[in-house]
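Q: quick check, what structure comes out for this input:
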Amino acid sequence: MAFDPDYALFVAVADGGSLSAAARGLGISPAMVSKRLQRLENRLGVSLVHRTTRRLVLTEAGARFRDDLAEVVAALGAAEARVTGARDAPAGPLRVSAPTSFGRLHVAPHLGAFLAAYPAVDLRFDLSDRFVDLLGERVDCAIRIARAVPDALVAHRLGESRRILCAAPAYLADHGQPATIRDLARHRLLAADGQMPWRLAAGSRNVAIDHVSHVRTNSSEMVRELALGGVGIALRSLWDVGDALRDGRLVRVLPDWEGSAEVGIFAVHLRSPMVSAAVGAFVAFLHGTIDPARWEE
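A: Modelled structure (predicted):
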């Protein structure tokens with residue numbers, strides 16, 4: 001059942017005590033107020049007010065109806081305030097999705113600062129290595145690491161995702177350092193399901209390495225741990241292994257070669273004429289937090 005705007009008019013008449021007072025509050029003429037009030041009474045089949053030359057007095061039915069409607073009108077006003085508040089100030093529910101490793105390493109450590117700055121935001125933060133359906137799963141903002149983003153989404157580029165070959169010093173001590181790209185054929189390579197073939201480039205040269213991973217796993221994080229443990233050579237993003245390269249737990253292999261695809265890191269959300277303030281604040285937070293220079297060599 002639709003809310004009849006004449007209900008709100010009747011509450012204004014009842015609270016104002018006269019047609020003219022209600023008219024001033026509503027920005028319409030007293031004649032229009034009288035016409036609409038009469039229309040409401042006719043539709044309901046009951047008299048809501050006693051009309052006198054000086055003022056209006058509610059009938060018993062009108063007084064009961066006013067009390068019931070006042071709660072409804074107040075609730076509608078509060079609902080509208082919450083909706084416009086979600087647009088004007090960072091508040092309310094915010095559901096975010098991020099790749100497991102990236103979210104854990106580069107976003108989660110900083111979420112406390114975001115929540116301290118925006119205490120009215122009710123954050124849900126999910127980690128998943130699949131591309132979530134923002135509309136179907138009601139995700140407000142997602143971090144995607146990809147070559148491109150569908151046109152249906154608004155994409156904010158946060159940085160690049162360079163991928164390099166690396167291994168632990170212990171592995172290279174046992175198996176030797178590859179001297180050429182062909183030497184990878186005799187080494188233990190590590191990749192999660194679906195990550196082979198590796199497409200690598202060195203200048204104008206391009207190759208595809210399609211081997212079976214020495215350990216099969218569905219987890220990209222497991223590949224990182226296997227490489228750190230000296231099990232084999234992995235193709236990893238610098239944001240994932242930059243710290244291990246700096247402290248020597250991993251070293252680059254065939255440093256002239258890198259992943260050939262230009263992969264970006266994006267914050268994405270659905271296209272909308274009015275993006276919520278919470279989404280806008282979170283995207284701005286990511287721009288201020290994600291610093292590729294921290295993991296680049």
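Q: how deep is residue 57 tucked in, by neighbour count?
A: 13 (other C-beta atoms under 10 Å). For the C-beta atoms, the positions are set from N, CA and C on the backbone; glycine is no exception.
Q: how about residue 12?
A: Residue 12: 19 neighbours (other C-beta under 10 Å).
Q: right, and it touches residue 19 too?
A: No - Residue 12 is beyond contact range of residue 19, at 9.9 Å (criterion: C-beta atoms under 8 Å).
Q: any idea of the pLDDT on residue 256?
A: If you check residue 256, the pLDDT there is 95.
Q: skipping adjacent residues, who's closest to it in space?
A: Distances taken as C-beta to C-beta, 6 or more residues apart in numbering put residue 202 closest to residue 256, at 4.4 Å, once the chain neighbours are dropped.
Q: next, count neighbours for that neighbour.
A: 14.
Q: just residue 102 next, same as before
A: Residue 102 has 23 nearby residues by other C-beta under 10 Å.
Q: ok, now residue 109?
A: 10.
Q: need the phi and psi values for it.
A: When quoted as degrees, to the nearest 10, the phi and psi of residue 109 stand at phi -60, psi -20.
Q: what separates residue 255 from residue 164, distance-wise?
A: The gap separating residue 255 from residue 164 is 7 Å, by C-beta to C-beta, to the nearest Å.
Q: any idea how far residue 165 is from the residue nearest to residue 256?
A: Relative to residue 165, and taking C-beta to C-beta, residue 202 is found at 11 Å.
Q: surely residue 104 is within a helix?
A: Yes - under DSSP: H, G, I helix; E, B strand; the rest coil, residue 104 sits within a helix.
Q: which residues in the protein form strands?
A: Assigned by DSSP state E, the strands in the chain fall at 49-51, 56-58, 92-98, 121-127, 141-146, 153-160, 163-167, 189-190, 198-202, 205-209, 233-237, 251-252, 258-259, 264-270.
Q: the longest one - contacts with which helices or strands?
A: With contacts defined as 3 or more C-beta pairs under 8 Å, 6 or more residues apart in numbering; DSSP states H and E, strand 153-160 has these neighbours: strand 264-270, helix 277-289.
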